[in-house]
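S.K.: generate a structure from the sequence data that follows.
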Amino acid sequence: MEKLNSISDLVVRQRKELAEIITGFETKNAYSIEDVHGQQLYVAAEGSGSTMMRIFLRAFRPFTIRIFAGGSDVMSLQILRPFRWYFHRVEVEDGQGQLIGVVERQFNWLNRRYVVTCTPAQKEYYIESPMLSPWTFYIRDSKGVEQGKITKKWGGLIKEAISNADDFGVTWPAQWDAGVKSVLLGAVFLIDFIYFESRGQS
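M.R.: Here you go, the predicted structure:
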């Protein structure tokens, strides 16, 4: 994930097929990961999985997302659902299948909270979203200091009403290690599926 070096801002855009928007039938997800100037850095796509699970479990299904650059597999995300409504988890691996970090939801009465463990860097971060600010997730270090954020972007009234295609903005310190940024990028997909994927499917 060398392209993340010196990058302080990203945009993650979900690509939805017209047939899914019209019928509501859950198809495999695809994303474009871009810099703030619209330059595509990576593409991401949901791996093969059970069609029946997509039909019946929809956004609550476990699945894999693979991230590519120039046709090469650079990262994979294993999104796990040990409990349907809580304790969701994403395991982030590099292109060689080595674990580089985990993002896991924690129980919290007041906020939506995730713990981020970056394996090679041996660092821990937290992602928190106040209940009154449902589209913003703040990235905090182990001391609780805000270092960045993940923000769901408003897509317009029509798009928000009929489609569950989502755009996210991500900011973090440019000097952070690319491995840490990769794990936090994995958190974007987990957040999307927990809070925003089911919208527009009813």
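
S.K.: any idea which helix or strand comes after the lowest-mean-pLDDT helix or strand in the chain?
M.R.: Lowest on mean pLDDT, DSSP states H and E among the helices and strands of the chain sits helix 18-23, with a mean of 42. With elements assigned by DSSP states H and E, the helix or strand that comes after helix 18-23 is strand 30-34.

S.K.: name every strand pairing with that following strand and say which way it goes.
M.R.: If you go by DSSP bridges, strand 30-34 pairs up with strand 9-15 (antiparallel), strand 40-46 (antiparallel).

S.K.: and the last one, what's buried?
M.R.: When you say that, I think you mean strand 40-46. Leu41, Tyr42, Val43, Ala44, Glu46 (16 or more other Cβ atoms under 10 Å). In short, each C-beta sits where N, CA and C put it, glycine included.

S.K.: go on, the first one?
M.R.: The neighbour-count criterion (16+ other Cβ under 10 Å) identifies Leu10, Val11, Val12, Arg13, Gln14 as the buried residues of strand 9-15.

S.K.: may I have the secondary structure class of the spatially closest residue to the first one that is not a sequence neighbour?
M.R.: This means Leu10. In space, and not counting its chain neighbours, Leu10 is closest to Val170: 4.4 Å by Cβ to Cβ, 6 or more residues apart in numbering. Taking DSSP: H, G, I helix; E, B strand; the rest coil as the rule, one finds Val170 in the strand state.
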